[in-house]
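Student: structure for this input, please:
(one chain, ligands or ions: 1)
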Amino acid sequence: MAFPKGFLWGGAVAANQCEGAYLADGKKLAVPDMLLGGDVNTPRTFLPVTDPKAFYPSHEAIDFYHRYKEDIALFAEMGFKCFRLSINWSRIFPNGDDPEPNEAGLSFYDSVFDECRKYGIEPLVTLSHYEIPWNIVTKYHGFLSRETIGLFTRYAETCFRRYKDKVKYWLTFNEINIACMGEGGIGNLYGLGLMEDEDIGAKDPIRLTELKANPQKTFEALHNEFVASALTVQKGHEINPEFMIGNMIAHVTVYPLTPNPKDIMACLEEDNFKNNFCGDVQVRGEYPTFAWKYFKDHGIDTSFITEEDKAVLKKGVVDFYTFSYYQSNCVTVDEKAEKTQGNMSVGAKNPYLKASDWGWQIDPLGLRYTLNALHDRYPHTPLMVVENGFGAFDKVEDDGAIHDPYRIEYFREHIRCMGEAIEDGVPLIGYTTWGPIDLVSAGTGQYAKRYGFIYVDRHDDGTGDFSRSRKDSFFWYKKVIESNGEDLD
Ligand code: BGP
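Tutor: Residues are numbered from 1 along each chain as shown. Okay, here's the model as predicted:
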């Protein structure tokens, strides 16, 4: 029996990708409300003002806001022990800096958590999953302003006090290292709410990959986010010492493409910068040596990192480390090597791996490798995989059935490798698959890129009646949970 008793099996969503109701009950605009859809070849576009003729996928998303009872009942039917979701900051403080929180927003999440508890499902709540209120982007340049630290911690404290008896597991920032990834300023916008003034004021749509970025500002804003996260951890423990508060890293595992020592070194540097940097700050409470070297080499003035901040980071280390894992990439110094896409990342193609229709390479063994490597790096910290899944086109048969053996295959192999990692000695406490119900893709804004065990009738042209139906994988995952990971057939 690889998986321990009490293992947190479940699924994960983000408010902006499932709730819809983007202006309901006092909510105001947040970053994703300004984004149009794209596809595998076309990056998403930022359109500065909401255009009444344009289709913004997150405005209605899958209407979880009105259908959460039905959806949570389906999760309960699969036997979920845990449901990861985010609170949309702009429902609680619609402008980010309002004097009082919005009661309608707070009571919505009360109902969602009560519904989870009704079925014995443990909520795991992300406080910020790419949902920075738009007013914080325009007025404060997101986390570039130190004022945003205070705005965020006040929001976090409001949630902690309100839900302290309903929620035990919290994450501060989703994929905080996205600031170090992605082309152009995409990571700045999603993760830090940071845009240059001329982009904010642009009249025409801008591809996210073409948003301007300034590394000095990126690292300053990221630092403020680290401080906000650490203060949040401290505050949470004051409010309820039982809270488990974690970080969240987009882990794109990397391998050297060849044994050429130059590839090995390039791979180490990429792994450190993209995967390890943020985790080290949040788990160990200090900037790693390689980060200082990186700043020096790239001419980053680090005077924004004060002695007082360093003390805050030390005191606010996380209780557990969580990450998303979808794929691995290769790294090489050979500029001619064939490329492949991935979760906010581009890498060299691995000749041993297959990939999804979006070019994300499928590497279950890479998950076992990653879990071992992370345990080695943070030996005293429990780990949790809070996103893993397979985005695919699904087909509804004439009789309404949805056969998705490719998805089952993906999960089977990843779960098998997690079990092996536990046998290796890794303290893995839970697993929430990404998008247990189809939702809007963060990267492309598509509905067609489906992750769910539950199909949602909603399409990229805005058609569909939002009805839900069970795919083959629904019944398979139910069996997996029932058998605590023993029955993967
Ligand atoms: C992660 C995000 C999620 C989610 C997932 C899948 O980066 O935390 O929000 O969307 O990736 O990515 P995509 O939606 O681009 O397929």
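
Student: and the pLDDT at residue 205?
Tutor: For residue 205, the model assigns a pLDDT of 89.

Student: that one: what's its closest spatial neighbour, skipping adjacent residues?
Tutor: residue 45 (4.3 Å; C-beta to C-beta, 6 or more residues apart in numbering). For the C-beta atoms, the positions are set from N, CA and C on the backbone; glycine is no exception.

Student: residues contacting that neighbour?
Tutor: Taking C-beta atoms under 8 Å, 6 or more residues apart in numbering as the criterion, residue 45 is in contact with 35-36, 38, 205-208.

Student: bridging across strands, which residues link to it?
Tutor: Beta-bridge pairing for residue 45 (DSSP bridges): residue 36, residue 207.

Student: part of a helix, is residue 236?
Tutor: Yes: the assignment for residue 236 (DSSP: H, G, I helix; E, B strand; the rest coil) places it in a helix.

Student: next, the residue most central in space within the chain: phi, psi?
Tutor: In the chain, the centroid-proximal residue (C-alpha atoms, centre = their mean) is residue 174; its distance is 4.3 Å. Dihedral angles of residue 174 (phi, psi; degrees, to the nearest 10) stand at phi -70, psi 130.

Student: isn't it up against residue 124?
Tutor: No: if you go by C-beta atoms under 8 Å, residue 174 and residue 124 don't touch, sitting 11.6 Å apart.

Student: pLDDT below threshold where in the protein?
Tutor: 1, 49 (pLDDT under 70).

Student: about what we covered before: how about the contacts of residue 45, which pair is most distant?
Tutor: Pairwise distances across the contacts of residue 45 peak at 12.2 Å for 38 and 206 (criterion: C-beta to C-beta).

Student: which bits of the chain sit near the ligand?
Tutor: Residues of the chain lying close to the ligand (C-beta under 6 Å from any ligand atom) are 14, 17, 174-175, 250, 324, 343, 387, 391, 434, 441-444, 449.

Student: which residue comes closest to the residue nearest to the centre of the chain once chain neighbours are left out?
Tutor: The shortest distance from residue 174 to any non-neighbouring residue, by C-beta to C-beta, 6+ apart, is to residue 129 (4.0 Å).

Student: residues in contact with that neighbour?
Tutor: Counting by C-beta under 8 Å, 6+ apart, residue 129 makes contact with 14-16, 86, 174.

Student: please apply the same query to residue 473.
Tutor: Neighbouring residues of residue 473 by C-beta under 8 Å, 6+ apart: 404, 407-408, 411, 453.

Student: among the contacts of residue 45, which one lies nearest to the ligand?
Tutor: Distances from the ligand to the contacts of residue 45, taken as C-beta to the nearest ligand atom, are shortest for residue 38 (10.0 Å).

Student: just give me the neighbour total for the residue in the chain that the ligand sits nearest to.
Tutor: Here the chain gets closest to the ligand at one residue, residue 443, 2.5 Å apart by C-beta to the nearest ligand atom. Neighbours of residue 443 under the rule other C-beta atoms under 10 Å: 21.

Student: isn't it right next to residue 345, touching?
Tutor: No: using C-beta under 8 Å, residue 443 is not in contact with residue 345, being 10.3 Å away.

Student: tell me where the stretch 151-300 of the chain has helices.
Tutor: For the stretch 151-300 of the chain, the helices defined by DSSP state H, counting those that start in this stretch occupy 186-187, 197-200, 215-239, 261-270, 277-284, 289-297.

Student: now do the SS call for residue 340.
Tutor: Here residue 340 is strand, with the state taken from three-state DSSP.

Student: that one: what's its closest spatial neighbour, skipping adjacent residues?
Tutor: In space, and not counting its chain neighbours, residue 340 is closest to residue 349: 4.4 Å by C-beta to C-beta, 6+ apart.

Student: quick one, what contacts that neighbour?
Tutor: Shown in contact with residue 349 (C-beta under 8 Å, 6+ apart): 330, 337-340, 361.

Student: any idea how far it lies from residue 198?
Tutor: Distance, residue 349 to residue 198, using C-beta to C-beta, to the nearest Å: 36 Å.

Student: repeat that for residue 381.
Tutor: Taking C-beta to C-beta, one finds residue 381 at 42 Å from residue 198.

Student: what does residue 431 give?
Tutor: Residue 431 is 43 Å from residue 198, by C-beta to C-beta.

Student: touching, residue 190 and residue 181? I think so.
Tutor: No: using C-beta under 8 Å, residue 190 is not in contact with residue 181; the gap is 9.7 Å.

Student: the more surrounded of these two?
Tutor: The neighbour comparison of residue 190 against residue 181 (other C-beta under 10 Å) goes to residue 190, with 26 against 21.

Student: quick check: closest non-adjacent residue to the more buried one.
Tutor: Ranked by C-beta to C-beta, 6+ apart and with sequence neighbours excluded, the top spatial neighbour of residue 190 is residue 130, at 4.6 Å.

Student: got the phi/psi numbers for that neighbour?
Tutor: phi 60, psi 30.

Student: residue 114 now?
Tutor: In terms of degrees, to the nearest 10, the main-chain angles of residue 114 are phi -60, psi -40.

Student: ok, the closest residue to it other than its chain neighbours to residue 160 distance?
Tutor: In this structure, residue 114 finds its nearest non-sequential neighbour in residue 166, 7.1 Å apart by C-beta to C-beta, 6+ apart. According to C-beta to C-beta, residue 166 stands 11 Å off from residue 160.

Student: before we move on, which element is residue 72 in?
Tutor: In this assignment (DSSP states H and E), residue 72 forms part of helix 64-78.

Student: chain center to that helix, what's the gap?
Tutor: Remark: helix 64-78 is offset 21 Å from the chain centroid, using C-alpha atoms, centre = their mean, to the nearest Å.

Student: next: stretch 426-440.
Tutor: Distance, centroid of stretch 426-440 to centroid of chain: 10 Å (C-alpha atoms, centre = their mean).

Student: for it, output the C-alpha coordinates as CSV.
Tutor: Extracted in CSV, the C-alpha atoms of stretch 426-440 (Å, rounded to 0.1, in the frame of the first residue of the first chain):
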residue,chain,number,x,y,z
VAL,A,426,9.0,10.9,-0.3
PRO,A,427,6.6,12.5,2.2
LEU,A,428,3.8,13.2,-0.3
ILE,A,429,0.6,14.2,1.4
GLY,A,430,-1.8,14.7,-1.4
TYR,A,431,-2.7,14.9,-5.1
THR,A,432,-5.2,17.2,-6.8
THR,A,433,-5.5,16.8,-10.5
TRP,A,434,-5.8,19.9,-12.6
GLY,A,435,-9.3,20.7,-13.9
PRO,A,436,-11.4,17.8,-12.6
ILE,A,437,-14.1,19.5,-14.5
ASP,A,438,-13.5,21.1,-17.9
LEU,A,439,-12.7,24.8,-17.6
VAL,A,440,-11.0,27.7,-19.4
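
Student: ok, and for it, which residues are buried?
Tutor: Neighbour counts over stretch 426-440 (16 or more other C-beta atoms under 10 Å) mark 426-440 as buried.

Student: cool, and stretch 161-175?
Tutor: Buried residues in stretch 161-175, defined by neighbour count with 16+ other C-beta under 10 Å: 162-163, 167-175.

Student: ok, stretch 70-89 next?
Tutor: 71-72, 74-76, 78-89.

Student: fine by me, we can end here.
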